[in-house]
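**Student:** What follows is a protein structure lacking sequence information:
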């Protein structure tokens, strides 16, 4: 039987998770290990970022309660997923909040995601800056590749799109523009731009003036 040595939490950019690969390590028992784009083997991950989308489903006799939120750290986005008691913890966090997630890499079908062990809300700007500085220092010390400005811009665009889309998806009746702006905490110009892009793609439409609904 395989014996696993406890591993420390490793601070990562989300892009290193997304562009990495997951492998199973062990024989009769196994655990997931993430091989990052820098070639680092990671078993436990520490990521901080902003929640840009969330979902919760109540459980019943036939299925477990389930929750997820999408986390954006400026390099890319990833989903944090949880079931049952842990799902209730995710439920308590809101879009726009910055959090620190400690968890383990997992994969279901073709999607890699983070299974949380602990989630902390970051209210202090100094702590947020400290975590970012610490991450940059770690990457520099190991001579790892840092996210490029182009990757950061692309990640923010995708995160904004998903944030607006998730709000519209919440209801069958449609959502007013001002409500979308309020819930996403994005600038009005950005929300309007994302909405126009979603309309062009055929994902949503405008049943009445300044109200938007999924197709």
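**Tutor:** Everything's here; your move. Since the model is a prediction, treat every value here as computed from it, not as a measurement.
**Student:** Tell me where the model's unsure across this protein.
**Tutor:** 1-5, 28, 149-156 (pLDDT under 70).
**Student:** Domain ranges for it, per the record?
**Tutor:** 9-141, 149-214 (automatic domain parsing).
**Student:** would you list the ones you listed in CSV and tack on mean neighbour count?
**Tutor:** Every C-beta, even on glycine, is put in place using the N, C-alpha and C of the backbone. Below are the domains of the chain laid out as CSV (neighbours: other CB atoms under 10 Å):
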stretch, mean neighbour count
domain 9-141, 16
domain 149-214, 16
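**Student:** Tell me which stretches of the protein form helices.
**Tutor:** Under the criterion DSSP state H, helices of the chain are mapped to 14-18, 85-91, 125-141, 149-169, 177-184, 188-200.
**Student:** possible to save those as TSV with distance to residue 79?
**Tutor:** Shown next, in TSV, are these (distance: least, CB to CB, whole Å):
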stretch	distance to residue 79
helix 14-18	10
helix 85-91	10
helix 125-141	20
helix 149-169	10
helix 177-184	17
helix 188-200	19
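**Student:** what about these, which gets the closest to residue 213?
**Tutor:** helix 149-169 (6.9 Å; CB to CB).
**Student:** Adjacent strands (with direction) for the longest strand along the chain?
**Tutor:** In the chain, ranked by residue count with DSSP state E as the criterion, the top strand is strand 44-57. Here strand 44-57 has these sheet partners by DSSP bridges: strand 9-11 (parallel), strand 66-72 (antiparallel), strand 98-108 (antiparallel).
**Student:** ok, residue 44 touching residue 10?
**Tutor:** Yes: counting by CB atoms under 8 Å, residue 44 touches residue 10, with 6.6 Å between them.
**Student:** just to revisit the earlier point, tell me which of the helices of the chain sits nearest to residue 113.
**Tutor:** Once the helices of the chain are compared by CB to CB, helix 14-18 is nearest, at 9.1 Å.
**Student:** neighbouring contacts of the closest one?
**Tutor:** Outside helix 14-18, the residues that touch it by CB atoms under 8 Å, 6 or more residues apart in numbering are 34, 36-38, 40, 45, 47, 49, 71-73, 75-78, 105, 112, 114, 147, 151, 155.
**Student:** The residue nearest to the spatial centre of the chain and residue 82: what is the separation?
**Tutor:** Centroid-nearest residue in the chain: residue 71, 2.3 Å away (criterion: CA atoms, centre = their mean). From residue 71 across to residue 82, the span is 13 Å (CB to CB, to the nearest Å).
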